[in-house]
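[1] No sequence on hand, only this structure:
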């Protein structure tokens, strides 16, 4: 099926990478990260050592000639948005641009490896609800003014329905959403409103989750 | 009296001298030797050690540690923070001069590192992660949640199997008597020539009946082997312990799941908001699934809009109520009908059992299992059809449907059990007759012998174990019935998947070229994975295992194998034969719905076992409790003989109801208070060392204001929103949360050429929904 074909293509293109990695690992100890780096990654994210190495592999395969195998001296490499959103985990997501922008330092979607790890850690299964709520709010806040206003809602809805709803329907849905969740009456959703609404949602945690 | 018999055979085979009467009775005199103390002491120390470990370890699963970690790194960069801590700890050691304190800090760090490595190792051990991820990216989180549940069940069964195998089966095999040495372990002479026949083995007769699989094999010797392992006691305790352990695990999982929230809130509180912010499944990685998801979200929005606009319309309430009452009445009738059918069939099978084996056709021999499986296949769609009279909202209709299916299975199972226990009573009656005959024969033999040889030292009658008169062993019979039922259930499940999914997909794919209408878009099309049907099947299967494990110790092992093969088989089937859902409806608001169902099934399956332990008397010549009046006599015997006298007194006082009830209430209150404290009060550390570490931080703000937050090292100052990370949330195992269940969708029409049809025969498939929208999709 589709998935199998895709995996096969990826495997062939990454065969050399994989071989390189294997030889490095077989030859001497792991030289991708120092122990200190491992410790700090494990402290700050929800990943295990093996997963961090795997993430590095994934990061590297996006741009093998840009990203070095050896990260011990902390190279300052950033991958652009356009590359990151080609990952299979993100490519079908309607909010992929916003997700990558949220986790980038410059706000434009250029991710360093730490940002990359951070992104997947925050969206992983073991990430707590509060953390996910914070990031969800940031993702859905398109204009980054710390409020989800009507325009943000309209954009969200259009991304979700791919423009299949009429403008009247869109307006109705946005009005209803604000009416339901807005507690302080300012016609837009602040973080507190958003959090209150999300905390009662039964499938927020299971849906807002990316497995890598 | 069975002791006499047992000794007779035992010694006859081993060509020992019969221990004379005084030796035999001396076993009942209390003898304090080291071996007697061995087991209780070991058990107690193990319990104490594990309790200590659990409490110590729980400090480090506290969110306080996470809070500490976040506070450490939230205000400064990673490296700065680490340097700061190093410096501080050094100062601590030097400044206070307390070497012991520094030592404690070092041990804590080592322990943390050890725990982390252990967690890494544990994560690496979790099986099937890649497989589940593949299913997830194709089908979304709901279908994958079924496989996660299956994996969790597999783990639970593995542990139960370990308990049963290690504490009951293995000692009997290693230290007990071998096959063929005593009557209960030997195939009787009359059955020996058919004992290896395939058809007999398929019915679990022949050699299988007299093997470790069933209750009847186990010997009732009080202690066996060098280590004086008390097998009957172990058997009883493991049988009860299985329920206890399962209960503990299920409740713990429910508690963890409920921490994720979602329990509050009314049905219509945040419809649109939730649809907007939580409907997209971030796990989707396949473009076809994504298209389906977009379509279903759009349809869902349109439906809600229509619902919203139609809310004011008036309905004809009386007609609707009448129809609902009628529907419920019809369903009750069919439930009663199915219960009666099962009872009738079981009674008939008892009559068949009396007839000769060769006269019966295969159908007559397996009638009970066949009928039960058939009912399980036919009734759910029937309920669905009747439920169309009721005109409920699809989600409510789904709940009713699941409830009815639950009632059906439960009713069937309990009717089956009642019929079975009737049979047991019959067997007990006939057993009395046989027992009397055996005793009379033996007495006659002794009388003749002593009168003939004029001695009091009588060797045991030299009868081969295969020829001895055997009572009907009702426990083994019950065990055999359960095993047959479960095996037929498994067969039906696998066959349904093969035919309902695979053959159907095959036909749709390959016959499509030469068929009049488009098979893929039209009638059969590819099936969707029936989540709730499968989950219910798994839960009921587990219930039957729990019920049958006491009578057939090998059943748990069988189930482990079944779950293992199920995992691979169903993963393959779902990836190659099913398409993603077009609509999603959740059966419940919280993730605990199926866990709650499992808990209910656990309680209901505990009842028959407890009943039989308490009230029915065990067979006189088979099983580990043979010869006793009641099964729990073993415990009383142990207390009287093995433990010192004062413990017996303590038990007598402790089992006073007036003491037990307040103790239970107190324990539950403590537990509730603890949990609440844990949930609300996560910031406080209970470990003194950790508390000190926190106190040493200069910027100790345990509740920073809720603003943006960043987890990794960052140059800009950001703070984590302080609302307590749930103590348990960080350590959620990957296999614990049973994510939202998405059973068969109610509406199968989606905008565009797609048109799925409900077709999967098993389990609940709520009929094509009408919604409430008049302008909605046409009913199918």
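    Received it, and whenever you're ready, just let me know what you need. Remember, predicted model here, so these are calculated numbers, not experimental data. Residues are numbered from 1 along each chain as shown, chains lettered A, B, ... in the order given.
[2] just for chain A, where's the confidence low?
    In the predicted model, chain A carries pLDDT under 70 at residues A:1-30.
[3] Please enumerate the helices of it.
    A:2-27, A:35-44, A:49-62, A:81-84, A:88-91, A:96-103, A:113-122, A:129-140, A:150-161, A:167-181, A:191-199, A:204-207 (DSSP state H).
[4] could the ones you listed go into a markdown table alongside distance to chain B and mean neighbour count?
    Using the backbone N, CA and C atoms, a C-beta is placed for each residue, glycine as well. Shown next, in a markdown table, are these (distance: least, C-beta to the nearest C-beta, whole Å; neighbours: other C-beta atoms under 10 Å in any protein chain shown):
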| stretch | distance to chain B | mean neighbour count |
| --- | --- | --- |
| helix A:2-27 | 7 | 12 |
| helix A:35-44 | 5 | 18 |
| helix A:49-62 | 6 | 18 |
| helix A:81-84 | 14 | 16 |
| helix A:88-91 | 5 | 17 |
| helix A:96-103 | 9 | 22 |
| helix A:113-122 | 4 | 23 |
| helix A:129-140 | 5 | 21 |
| helix A:150-161 | 5 | 19 |
| helix A:167-181 | 4 | 17 |
| helix A:191-199 | 5 | 20 |
| helix A:204-207 | 4 | 24 |
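[5] could you give me the average pLDDT of the helix or strand that contains residue B:402?
    Residue B:402 belongs to helix B:394-453 when assigned by DSSP states H and E. Average pLDDT, helix B:394-453: 80.
[6] Let me know whether it sits next to chain A.
    No. Contact of helix B:394-453 with chain A is not found when judged by C-beta under 8 Å from any C-beta of the partner chain; the minimum separation is 12.0 Å.
[7] residue boundaries of the helices in the stretch 101-250 of chain B?
    In the stretch 101-250 of chain B, the helices defined using DSSP state H, counting those that start in this stretch lie at B:129-139, B:141-164, B:170-175, B:198-202, B:206-209, B:231-258.
[8] Can I get those in TSV including mean pLDDT, mean neighbour count and distance to chain A?
    As requested, the helices of the stretch 101-250 of chain B are arranged in TSV below (pLDDT from 0 to 100; neighbours: other C-beta atoms under 10 Å in any protein chain shown; distance: least, C-beta to the nearest C-beta, whole Å):
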stretch	mean pLDDT	mean neighbour count	distance to chain A
helix B:129-139	82	20	5
helix B:141-164	89	21	5
helix B:170-175	86	16	35
helix B:198-202	81	13	38
helix B:206-209	84	20	42
helix B:231-258	88	19	10
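[9] Tell me which of those helices sits nearest to residue B:429.
    Closest to residue B:429 of the helices of the stretch 101-250 of chain B is helix B:206-209 (C-beta to C-beta; 21.4 Å).
[10] which other helices and strands contact that closest one?
    helix B:198-202 (3 or more C-beta pairs under 8 Å, 6 or more residues apart in numbering or on different chains; DSSP states H and E).
[11] and with 7 Å instead?
    Identification of packing neighbours for helix B:206-209 by 3 or more C-beta pairs under 7 Å, 6 or more residues apart in numbering or on different chains; DSSP states H and E yields no helix or strand.
[12] which other residues reach it?
    B:187, B:191, B:194-197, B:200-201, B:476, B:480 (C-beta atoms under 7 Å, 6 or more residues apart in numbering or on different chains).
[13] from those, which single one is nearest residue B:148?
    Among the contacts of helix B:206-209, and counting by C-beta to C-beta, the member closest to residue B:148 is residue B:480, at 33.6 Å.
[14] circling back: now a PyMOL select for only the buried ones of the contacts of helix B:206-209.
    Of the contacts of helix B:206-209, the buried ones can be selected in PyMOL as follows, counting by 16 or more other C-beta atoms under 10 Å in any protein chain shown:
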select buried, chain B and resi 187+191+195+200+476+480
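[15] any chance of the contacts of helix B:206-209 in a markdown table, plus distance to residue B:574?
    A markdown table is the format used below for the contacts of helix B:206-209 (distance: C-beta to C-beta, whole Å):
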| residue | distance to residue B:574 |
| --- | --- |
| B:187 | 43 |
| B:191 | 44 |
| B:194 | 42 |
| B:195 | 41 |
| B:196 | 39 |
| B:197 | 38 |
| B:200 | 37 |
| B:201 | 33 |
| B:476 | 38 |
| B:480 | 33 |
